[in-house]
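A.B. asks: just to be clear, the model below is a prediction. Sequence and coordinates:
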Amino acid sequence: MKPNKELLHNKHYFERSELMNLVALGLMLAAAISYVVGRGLISYLLLAFGLPLGAFLFIYNSITRSNEKDLDEYISRMTEDLGLTVENDKHFEKKMQARLEKHTVSGYEYREGVMLRQDKSGKLRSSLFTKTRLYPFREALCVNSRTISLVEEEKSEWTEEIAFSEILSLHIQEEERSLFFGKKSFTVKDIRLVIERAGGETISLPMREDLELNEFLDTLNKQIAKSKQ
């Protein structure tokens, strides 16, 4: 089977350092300086071989490796239809609460075995991403979640209506820890939405910082408490 070029380029994003670009820029800079200050054999060799080689390396690395914008567009494309199955149900409008709208949480998965890279803005990206739609039904929380790989043709999705009477609590959990990718260690700030269920089962979903989610969870926790009275 022919490999997916887009996924291969995404994989190169995590695997390749900036070393190739630095080498390429160094060769081109050295060729430019030698042209200005010298006319000898070294200058000739740098102009004849260093400049085109540097340009080739820089272009090759750029066109065979995804950037942050490419990753964001891939994630958006692979998750844009999340929730349609739930929302297209003929009873959807009747199930939904009148005063609460759906809420979306999403984030990178930080676990052993994922590929990691810190982007130019300082954000830590991984090769797994999860997006989740939360639907506040009248008597239940409907959860539709999808996890996609950015480097392989793999994804998983699940949907479940969890009755308020089965939920113990909804809360946000933050944890800081270290993960390794290759020989490099990364400090991970893992923020997750936790759904605690009766019987000890816990659902944990990655998310970004979200001030509006706190109000959403407060409202649902009050309804969960009321359902147990």
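C.D. replies: Received the coordinates, thanks.

A.B. asks: part of a helix, is F180?
C.D. replies: No. Counting by DSSP: H, G, I helix; E, B strand; the rest coil, F180 falls outside a helix, being strand.

A.B. asks: which residues sit in contact with it?
C.D. replies: Residues near F180 by CB atoms under 8 Å, 6 or more residues apart in numbering: F186. Where C-beta positions appear, they are placed from N, C-alpha and C, glycine not excepted.

A.B. asks: quote the end-to-end distance of stretch 103-119.
C.D. replies: Start-to-end span of stretch 103-119 (CA to CA, to the nearest Å) is 27 Å.

A.B. asks: F164 touches Q229, doesn't it?
C.D. replies: No. Between F164 and Q229 there is no contact under CB atoms under 8 Å: 11.2 Å.

A.B. asks: hmm, V151 is touching E15, no?
C.D. replies: No. With contact defined as CB under 8 Å, V151 and E15 do not form a contacting pair (9.1 Å).

A.B. asks: anything in contact with each of the two?
C.D. replies: M115.

A.B. asks: those two: which is more packed in?
C.D. replies: Each of V151 and E15 has its neighbours counted (other CB atoms under 10 Å); V151 has more, 22 against 13.

A.B. asks: now that one, nearest residue through space, not along the chain?
C.D. replies: K11 (4.2 Å; CB to CB, 6 or more residues apart in numbering).

A.B. asks: okay, domains of this protein per the record?
C.D. replies: Annotated domains of the chain cover 17-63, 81-227 [automatic domain parsing].
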